[in-house]
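**Q** Structure, please.
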Amino acid sequence: MFPCIFLLWLVSIPLANASPQTRDYLINCGASDVIEEGPLKYVPDKDYVSTGNKTTLNRRDILPRLQTLRFFPNVNARKYCYSIPVIKEAKYLVKTIYFYGGFDGGNEPPVFDQIIDGTKWSTVNTTEDYASGGSSYYEAIVVAHNKFLSVCLARNQHTADASSPFISSLEVHYLDSSVYNSTKMLKTMLVTVARDSFGSDGDIISYPDDNYNRFWQPFKDDNPFVSSQTKVTPSTFWNIPPQKAFSSAITTSKGKNLTLNWPSFSLPAGLYYIALYLQDNRTPSPYSWRVLDIYVNGQKFYQKVNVTDSGLSVVGTEWPLQGKTEITLVPADDSPVGPLINAGEVFQILPFGRRTVTRDVVAIEHVRKGFFNEPEDWIGDPCLPVGNSWTSISCSSEDPSRIMSLNLTGFGLSGNLAASVSKLTALKHL
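**A** Below you'll find the predicted structure:
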């Protein structure tokens, strides 16, 4: 799980406009009507989920899209899923937002899991943020393996019987193919750990400054900071960072190393995607440059980086991190000024879990559509994650998984058994 971020009414977060293309989704969970927050339009979730209950919080001091939520009280369901139409093999940013608000009459938010397409993504624990009066968000970059992307919640061992998983809003943004480019995106997802604008103490940067409504948090430490005297062209950078992320920078004096302890919290051992953004802050001239080496935890990350007023980004697609992270910028001997850095992003690389054979998924979907009153968790991957398969289905432990048994008794089903059941060629028991 990565750190949660506050989303308070008083923070004055700029919000994204819904794209005219249907590739982007801004969903207000539990709402009955479209709501607008500035240029943003959030739509009700009824077209993307068929389970759970809606409720409205009696609060007017929070963002409108946090005033409603959908919760899932059925303790027998193995998961509760949203299904989003997507472009197969396209890349998406998925963002889930939570504000508890004591909707169930309790004082402490429930703890539960998040799942994307059969892979456990993270555990949702908003307790600390809620105690401080804030909401929380979680974010991942994924490539769609099918024409629908399932975003699911599920109970875990920490979910109290009397509490219910819930969600306030869901965003799915289509990403250009060059953004967060990695040759292994079909096998892994990127889970956001930190995204900061250095030297800034202003508002969070998002849309319209960021086309994908990414949140860039302000970050300051004990290092000096400077403002930029010229603008960059975001489209020329890897990952298309917003112009505002370059408006300030952390720096130090000529000849000195710049050390940045960032992210400011410990990280679990694993591989991470690191992107750093740098621009010479001075007025453009033949002298608006500085050369430096970049180290991460003492290991050379990039060498002889020439930072000019046009700016640049440097990316490490698989970098091992554990515990505290120290980024050091070392100036070249002939560099006319000290090193500086404007912004950075860190993602944890999370491998996708097993998948279910596509023909089994297609066949069981046809079976599902033949019935009425099917179990609440008959959506998303039928087999995965392990422990969160569809009720009444058992699957093999191989990769990819196969559907081995299907029990249709005791659920009050009505309708017809689709002929496609014959295409479940690994089925042993029906």
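**Q** tell me the phi and psi of the closest residue to K187 other than its chain neighbours?
**A** The shortest distance from K187 to any non-neighbouring residue, by CB to CB, 6 or more residues apart in numbering, is to F352 (5.9 Å). (Each C-beta comes from the backbone N, C-alpha and C, glycine too.) Per-residue torsions, F352: phi -70, psi 150 (degrees, to the nearest 10).
**Q** quick one: F352 and K120, what's the gap?
**A** For F352, the distance to K120 equals 10 Å [CB to CB, to the nearest Å].
**Q** if we can go back for a sec, and the residue nearest to K187, how close does it get to D117?
**A** Between F352 and D117 the computed distance is 7 Å (CB to CB).
**Q** And for I274?
**A** Looking at I274 against D117, where the rule is CB to CB, the gap reads 25 Å.
**Q** Give me the more crowded residue out of the two.
**A** For I274 against D117, the residue with the higher neighbour count under other CB atoms under 10 Å is D117, and the figures read 25 against 22.
**Q** Please give me every residue in contact with that one.
**A** Going by CB atoms under 8 Å, 6 or more residues apart in numbering, D117 touches 142, 144-146, 149-150, 352, 355, 380-381.
**Q** Of these, just say which sits nearest to M189.
**A** Sorting the contacts of D117 by how near they are to M189, with CB to CB, puts V142 at the top with 4.6 Å.
**Q** what's near enough to touch that closest one?
**A** Taking CB under 8 Å, 6+ apart as the definition, contacts of V142 comprise 91-92, 94, 116-117, 149, 185, 189-190.
**Q** Excluding residues flanking it in the chain, which one is nearest it?
**A** Skipping the residues right next to it in sequence, V142 comes nearest to M189 by CB to CB, 6+ apart, at 4.6 Å.
**Q** For that neighbour, give its distance to T317.
**A** Counting by CB to CB - M189 and T317 are separated by 13 Å.
**Q** Which one of those two is surrounded by more residues?
**A** When M189 and T317 are compared for neighbours, M189 comes out ahead with 21 against 18, by other CB under 10 Å.
**Q** Now do Y80 against S150, distance only.
**A** Taking CB to CB as the criterion, Y80 is separated from S150 by 10 Å.
**Q** Those two - which one has more neighbours?
**A** Legend: neighbour count by other CB under 10 Å for Y80 and S150, higher for Y80 (29 against 17).
**Q** wait, doesn't the more buried one sit right on F166?
**A** No - checked against CB atoms under 8 Å, the pair Y80 and F166 is beyond contact range at 9.6 Å.
**Q** Spit out the residues that contact these two alike.
**A** 72, 153.
**Q** count of residues packed around the closest residue to N261 other than its chain neighbours?
**A** Residue nearest to N261 in three dimensions, not counting chain neighbours: E326, with 5.7 Å by CB to CB, 6+ apart. Around E326 sit 13 other residues, with neighbours defined as other CB under 10 Å.
**Q** and K304, backbone torsions?
**A** Here the main-chain torsion angles of K304 (degrees, to the nearest 10) amount to phi 50, psi 50.
**Q** So what's the residue count around it?
**A** Here the neighbour count serves as a burial measure; for K304 (other CB under 10 Å) it reads 9.
**Q** need the contact list for it.
**A** K304 makes contact with 291, 293, 332, according to CB under 8 Å, 6+ apart.
**Q** E326 too?
**A** Contacts for E326 were tallied using CB under 8 Å, 6+ apart; they are 259-261, 296-298.
**Q** Quick check: of those residues, which lies closest to P39?
**A** Taking CB to CB as the measure, L260 is the one of the contacts of E326 closest to P39, at 33.9 Å.
**Q** confidence score at that closest one?
**A** pLDDT, the model's per-residue confidence, is 96 for L260.
**Q** Burial check on it, number of neighbours?
**A** 20.
**Q** what packs against the helix or strand where it lies?
**A** Here L260 is covered by strand 258-261, with elements defined by DSSP states H and E. Strand 258-261 sits against strand 248-251, strand 326-331, strand 340-341, with contacts defined as 3 or more CB pairs under 8 Å, 6 or more residues apart in numbering; DSSP states H and E.
**Q** The shortest one - which strands sit beside it in the sheet, and in what orientation?
**A** Within its sheet, and counting by DSSP bridges, strand 340-341 is paired with strand 248-251 (antiparallel).
**Q** which other residues reach the strand it pairs with?
**A** The set of residues that contact strand 248-251 without belonging to it, under CB under 8 Å, 6+ apart, is 197-200, 220-221, 223-228, 258, 260, 278-279, 281, 337-342.
**Q** just to revisit the earlier point, buried subset of the contacts of D117 as a ChimeraX selection?
**A** Buried residues among those (16 or more other CB atoms under 10 Å), as a ChimeraX selection:
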select :142,144,145,149,150,352,355,380,381
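**Q** pLDDT for the contacts of D117 - can I get that in TSV?
**A** What follows is those, written out as TSV (pLDDT from 0 to 100):
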residue	pLDDT
V142	96
A144	94
H145	91
N146	90
L149	96
S150	97
F352	93
R355	91
G380	93
D381	95
